[in-house]
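K.L.:
attaching a predicted model along with its sequence, questions to come.
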Amino acid sequence: MLHQTQTESEALKESVSRALLKTHDSFVTSGTATTLLQAPANVISFADAELNTLTGGLAAGTVTEIAGEAGAGKTQFCIQALVSVVTQRRGGGLIINTEGGLWPLDRVSSLSVTRPRGSYLDRMKGTTPAPTPGAEGTLDDIFVKNVPTADALVTVLTQALPSILQVHPIRLIIIDSVANLVTSGDMVARAKFVATLGALLKQIAHIFHVAVLVTNHARDFFSEYTMPPPSALTAADYYGPTAAAKDRRESAFRQVSPAMGPVWSHFVNTRLMITRASGGGAARELHVVYSDRVPVASTPVVVDEAGFAVYREPVGQEVAPGAASQWIY
């Protein structure tokens, strides 16, 4: 797959478009501009109001990327998004797992029982608030596909996915992780596949009106490159050092930026990134690197027994040692 010729790459794009268009008429929403603007937005909202405000939720028809180093909490963010779908009881989700092993569905199941977030000391004492009665979600419409290769991923997206969508009300598609399949092959072949995959995901999001959420790796940024002023930027800058420099963030005293290069970034509507706080430990920060829906922003986050949420300073309570998250997926 990652050694495609130009002809093979174009043939793949054509076959992908043809496969998707077979189900196009059933899913495309049309109407006047007034009708579409007055229709309720199809957005997956997080239970945490601050997290929802920061990210804008996950909108149908868009591709959202959550990047970060290993153990930063990318999968936990995906789990929280899936829990939102389950507890809102408005559809299901498809998880495409490329990392191998079992995806943590038990975590989804436990978080699908709405449980008020207690303090860390409450949880240590075993006095965490009880689950809200009648708030359990269902995992009946959650599907998992394990894909070990790039070829398998394209097959799932073009053949299995349309069939699933014909029968089940899928609202969220998660790929964890997209970068895991593009680590081999020469640079030109990888760029062609990334462009094909990005275009495919954009088509799927638009045609089937679903939200697509993908995880991406973060790599160390070693260059001392300094961003030039906007007036001095040229088109070539967006495919050189500027492409990586503009998205870099500090993580535990290091500079990191999302992997997969500038070609991939053109297919992402919202790029989020999780970094580790400079103080070390398990403290994290969530960044909106860019988005067509919400402004650039950053905020501390925590991942604990109650899920992924914006961190809030304890009020009038002692903070016990080790209160930071131990969930590192």
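P.N.:
Thanks, I have it.

K.L.:
ok, for residue 68, nearest residue in space, not its chain neighbours?
P.N.:
Once flanking residues are discounted, residue 68 sits nearest to residue 274: 3.8 Å by Cβ to Cβ, 6 or more residues apart in numbering. For every residue, glycine as well, the C-beta is placed using N, CA and C.

K.L.:
packing partners of the helix or strand containing the one you found?
P.N.:
Residue 274 belongs to strand 270-276 when assigned by DSSP states H and E. Applying 3 or more Cβ pairs under 8 Å, 6 or more residues apart in numbering; DSSP states H and E, one finds that strand 270-276 contacts strand 63-68, helix 74-88, strand 249-251, strand 254-258, strand 284-291.

K.L.:
any idea how many residues pack against residue 75?
P.N.:
Residues near residue 75, counting by other Cβ atoms under 10 Å, number 26.

K.L.:
same question for residue 34.
P.N.:
8.

K.L.:
before we move on, what about residue 70?
P.N.:
9.

K.L.:
from residue 189, how far off is it?
P.N.:
Look at residue 70 and residue 189: by Cβ to Cβ, to the nearest Å, they are 25 Å apart.

K.L.:
now swap in residue 102 and tell me
P.N.:
In this structure, residue 102 and residue 189 are 31 Å apart, going by Cβ to Cβ.

K.L.:
who has more neighbours, the two?
P.N.:
Taking other Cβ under 10 Å, residue 102 and residue 189 do not tie; residue 189 has more neighbours (18 against 9).

K.L.:
and the angle from the lengthiest helix in the chain to strand 63-68?
P.N.:
Longest helix in the chain by number of residues (criterion: DSSP state H): helix 187-207. Note on geometry: by axes from the mean of the first three to the mean of the last three Cα atoms, to 10 degrees, helix 187-207 and strand 63-68 are set 130 degrees apart in direction.

K.L.:
following element in sequence after helix 187-207, please.
P.N.:
Of the helices and strands lying after helix 187-207 in sequence (DSSP H and E), the nearest is strand 211-220.

K.L.:
restricting to C-alpha, output that next one in PDB.
P.N.:
Extracted C-alpha coordinates of strand 211-220, given in PDB (Å, rounded to 0.1, in the frame of the first residue of the first chain):
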ATOM      1  CA  ALA A 211     -17.900  12.800  13.200                       C
ATOM      2  CA  VAL A 212     -14.500  11.400  12.600                       C
ATOM      3  CA  LEU A 213     -12.000  11.400  15.400                       C
ATOM      4  CA  VAL A 214      -8.400  10.200  14.800                       C
ATOM      5  CA  THR A 215      -5.400   9.900  17.200                       C
ATOM      6  CA  ASN A 216      -2.000  10.900  16.000                       C
ATOM      7  CA  HIS A 217       1.500  10.600  17.400                       C
ATOM      8  CA  ALA A 218       3.600  13.600  18.500                       C
ATOM      9  CA  ARG A 219       7.300  13.900  17.600                       C
ATOM     10  CA  ASP A 220      10.100  15.900  19.100                       C
END
